[in-house]
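J.: Let me see the structure of the following:
(one chain, ligands or ions: 1)
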Amino acid sequence: MSMFGQVYVSNGKYRLKGDFHHMTPNIPIRNAEDGWKLMGVTNPRSMTYIHTYGGEAPFFEALGKGKLLGTRCDNEGCEYKGSVYQPFRIHCPDCLGRNTIIDMTATAKKTAKVHTFMVCERSGAFNILDKPIKFINIEFEGVDTILMSYLSLGDPEIGMKVVPIFRKQNPTYTILDLSWVPEGTPEKDLPENFGF
Ligand SMILES: [Zn+2]
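T.: Just a heads-up that it's a prediction; the model follows:
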């Protein structure tokens, strides 16, 4: 069994298995200028946070299967009926109706291009992407929003055509399962666990 607690849902309730917080021995804090006298202790703790995806769960499940899902407003009474959203929006921001989930993998493969980009040499805590991180904003034909993601290979340029890649092996079920490479990149060059 994993050292981390595990969660599943049954009959509409979370079911928890294992340990969700781990105690670690205290470590003394001492004063270097005062004979290493005791000043206090650190309390290292590790905990598991239960993060719910709610209506966005299908989006994350699909990434590991090589699919990019978006949503569309199909509400007849909505002034902006037919609007397509990527990133995935559960509800239409105009009529607040529940959107329809659509598979837009083919649209992404054919029409994705870099709208703008930002290269970050530094990151925050817990970053696991290689630095510099090439954040790209991606536009698609027929889609009303711009997606923020990251480029795995090459250097971004405005207007550059890109294609999605998916972490189909050992998916993390997070947004990191989706990345992008320049159009025409051979499959053998893709990062480990990723495919088209
Ligand atoms: Zn709407």
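J.: what about A62, which helix or strand?
T.: Assigned by DSSP states H and E, A62 belongs to helix 57-63.
J.: quick check, the next helix or strand after that helix touching the ion?
T.: Using DSSP H and E, the helix or strand that directly follows helix 57-63 along the chain is strand 69-72. No - Strand 69-72 does not reach the ion (CB under 5 Å from the ion); its nearest approach is 9.1 Å. The way it works is simple: take the backbone N, C-alpha and C, and place the C-beta from them, glycine included.
J.: what packs against strand 69-72?
T.: Counting contacts by 3 or more CB pairs under 8 Å, 6 or more residues apart in numbering; DSSP states H and E, strand 69-72 packs against helix 57-63, strand 84-85, strand 100-103.
J.: ok, and for the helix holding A62, which residues are buried?
T.: F59, F60, A62, L63 (16 or more other CB atoms under 10 Å).
J.: right, and T71 touches R89 too?
T.: Yes - counting by CB atoms under 8 Å, T71 touches R89, with 5.3 Å between them.
J.: List the residues that are in contact with both of those two.
T.: Common contacts of T71 and R89 (CB atoms under 8 Å, 6 or more residues apart in numbering): N99.
J.: more neighbours, the two?
T.: Higher neighbour count among T71 and R89: T71, with 25 against 20, using other CB atoms under 10 Å.
J.: wait, what's in contact with the spatially closest residue to that one that is not a sequence neighbour?
T.: Leaving out its chain neighbours, the residue that sits closest to T71 by CB to CB, 6 or more residues apart in numbering is N99, at 3.7 Å. Counting by CB under 8 Å, 6+ apart, N99 touches T71, R72, C73, D74, Y85, R89, I90, H91, C92.
J.: and what of I146?
T.: H115, N137, I138, E139.
J.: can the residues you listed go into a markdown table with extra columns for secondary structure, neighbour count and pLDDT?
T.: Formatted as a markdown table, the contacts of I146 follow (DSSP: H, G, I helix; E, B strand; the rest coil; neighbours: other CB atoms under 10 Å; pLDDT from 0 to 100):
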| residue | secondary structure | neighbour count | pLDDT |
| --- | --- | --- | --- |
| H115 | strand | 15 | 98 |
| N137 | strand | 15 | 98 |
| I138 | strand | 23 | 98 |
| E139 | strand | 17 | 98 |
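J.: Closest one of those residues to the ion?
T.: E139 (20.8 Å; CB to the ion).
J.: Which strand or helix spans the residue of the chain positioned farthest from its centre?
T.: The C-alpha centroid of the chain is most remote from G35, which lies 48.4 Å away (CA atoms, centre = their mean). Using DSSP H and E, G35 falls within no helix or strand.
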